[in-house]
Every structure is written in structure tokens, then in C-alpha cells.
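Visitor: Sequence plus predicted model, see below.
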Amino acid sequence: MRQANPLDAKSLFDLRNHPAVRQQSNNAAEIDIYEHQRWFDAVMSNRSRQILIAEQGEKFVGMVRFDCLDDSCRMSWAIIPKTQGQGLGKQMLKMAIEQMKGCTLSAEIKHNNFASIKIAEYVGMKLIKQTRDILLYQNDY
Ligand SMILES: CC(C)(COP(=O)(O)OP(=O)(O)OC[C@H]1O[C@@H](n2cnc3c(N)ncnc32)[C@H](O)[C@@H]1OP(=O)(O)O)[C@@H](O)C(=O)NCCC(=O)NCCS
């Protein structure tokens, strides 16, 4: 795992726009490269937000994002579809949260996103709230 840098913009764009990833996102609309670049530049210059990149043999395989307010961070994550189902999501989240010790971490997960629910439980998060089809998982590190 490493911090994102400006060269990751395209990999993150492709991942964000993949139908399988959009389907599990709060905003399922496809976004264009200009909008993405504006968003990415804003994240990179905001100390309250960070993106960790997961690599396997130096190849981009996924990301975890933390949007923080004080010591409380909302997380989101994704693994590129062609490497899903190999345990990378679990491994990635475990490594990512180790870098955020001392923070309260939470994630909003759609009720039918079974892989993400398993991942959240694997890293010790608990279901604390359900609003319609969105589950809120949280832990305290
Ligand atoms: C969620 C996601 C990161 C999982 O990545 P992954 O590398 O495939 O996950 P893993 O291989 O580590 O699998 C995690 C667990 O989910 C299980 N799983 C995977 N796909 C599943 C499915 N479709 N249904 C049920 N369980 C599933 C795995 O078997 C594993 O559980 P196990 O260890 O008990 O066998 C990936 O599917 C993804 O990027 N999805 C789109 C983005 C997204 O959902 N983000 C979350 C928003 S917060």
C-alpha cells in the first residue's frame, strides 16, 4: 500500500467508472475525465482526505479512500474487477486500517454488497445503523 500520487489519476478514473464499481457507489453515474481530474486534484490538496493505492507486483489493483473530520474517517474502497475474488480486498483493507490507528473508521455499504460486508467484518467493523438499503459499519481504533 502507498499514498496516491498525481500519476494515479487515470487508474482511479478507470476503476471509478467501471460498471461493477459504479453499481456499489452512492453516485452510480459515469463521470468524465475532466470532472474526475478536478475531484482528484481537490482530494490531493486536502489534508483531511487521502487515498491509499494497493499494488501487486507494482501493478495497480485497488484503492482505499479516507475522508476525515478530526479523528473520524469515512472509508470507501475498490479492487479492479479482473483481480476480484482473490482475497485482495480483505488484505488491502487490513493493511489500510493499520495506517489509521487511533481513528474512528466507518463505511457506508449497500445491503447487497456481500463482499464488502465480509471485508468490513473481517477488519473488525460492526454494523451500527441501517437506513433503507445502506448499512453503516464502524469501528474504534
Ligand atoms: C468489494 C470488493 C473490494 C471486494 O474485493 P475482492 O478482492 O473481490 O474481495 P476478497 O476477494 O477479499 O473477498 C472478500 C470476501 O467476500 C467474499 N465475496 C467476494 N465476492 C462475493 C460475492 N459476490 N458474494 C458473496 N461473497 C463474496 C469472498 O469470498 C471473501 O470472503 P471469504 O474470505 O469469507 O471467502 C470488490 O468487489 C469491489 O471493488 N467492489 C466494487 C466497489 C465496492 O463495492 N466498494 C465498497 C463501497 S464502500
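Guide: Right, received. Where do you want to start? The structure presented is a predicted model; accordingly, all values stated were derived computationally and were not measured. Numbers count the residues shown, from 1 in each chain.
Visitor: Okay, buried residues for whichever helix or strand residue 117 is part of please.
Guide: If you go by DSSP states H and E, residue 117 is part of helix 114-122. Buried residues in helix 114-122, counted by 16 or more other Cβ atoms under 10 Å: 116, 117, 119, 120. The C-beta positions use only the backbone N, C-alpha and C, and glycine is treated the same way.
Visitor: Tell me which strands the longest strand anywhere in the chain pairs with, and in which orientation.
Guide: For the chain, the strand reaching the highest residue count under DSSP state E is reported as strand 59-69. Applying DSSP bridges, strand 59-69 is found paired with strand 49-56 (antiparallel), strand 72-79 (antiparallel).
Visitor: Show me which residues of this protein are close to the ligand?
Guide: 20-21, 24, 76-79, 84-90, 107, 109, 113-116, 118-119 (Cβ under 6 Å from any ligand atom).
Visitor: Buried ones among the residues you listed?
Guide: Buried by 16+ other Cβ under 10 Å: 21, 24, 76-79, 84, 88-89, 107, 109, 113, 116, 119, out of these.
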